[in-house]
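Visitor: Everything below, folded, please.
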Amino acid sequence: MTAPDTRIVLRGRQVSEGNDLIVDHPGQPADYVHTDGTVWTWQGRWRLVGGVRDVHERGRIIGRDHLRAYDLVEASTDSN
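Guide: Next up, the predicted model:
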């Protein structure tokens, strides 16, 4: 039996799989607080990461992981 993957993806403003940060988030509750104090939340989005192209499977990418993709929670700009 394999252990569940505890990694998540922190989605940047410009969605770019190459620059998005992947961090460990055990238990994966809805919110994540990064070491820099930013708060991220999961809104039901997933990201496929990793994997290899298999020529025997007609070029399909196999062995990918599904990770939760978290979005940055914007600070409120209200002054009230």
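Visitor: buried ones in the strand ranked longest in the chain?
Guide: For the chain, the longest strand by residue count, based on DSSP state E, is strand 39-49. Across strand 39-49, burial judged by 16 or more other CB atoms under 10 Å covers 40, 42, 47, 49. C-beta: built from backbone N, CA, C; applies to glycine.
Visitor: out of those residues, who's nearest Asp71?
Guide: Ranked by distance to Asp71 (CB to CB), these are led by Trp40 at 6.5 Å.
Visitor: which one among the buried residues of strand 39-49 gets closest to Tyr70?
Guide: For these, the nearest to Tyr70 is Trp40 (3.9 Å; CB to CB).
Visitor: how much space is there between that closest one and Asp31?
Guide: 7 Å (CB to CB, to the nearest Å).
Visitor: now Trp46
Guide: Distance, Trp46 to Asp31, by CB to CB: 17 Å.
Visitor: So, low pLDDT: which residues of this protein?
Guide: 1-3, 13-18, 50-64, 75-80 (pLDDT under 70).
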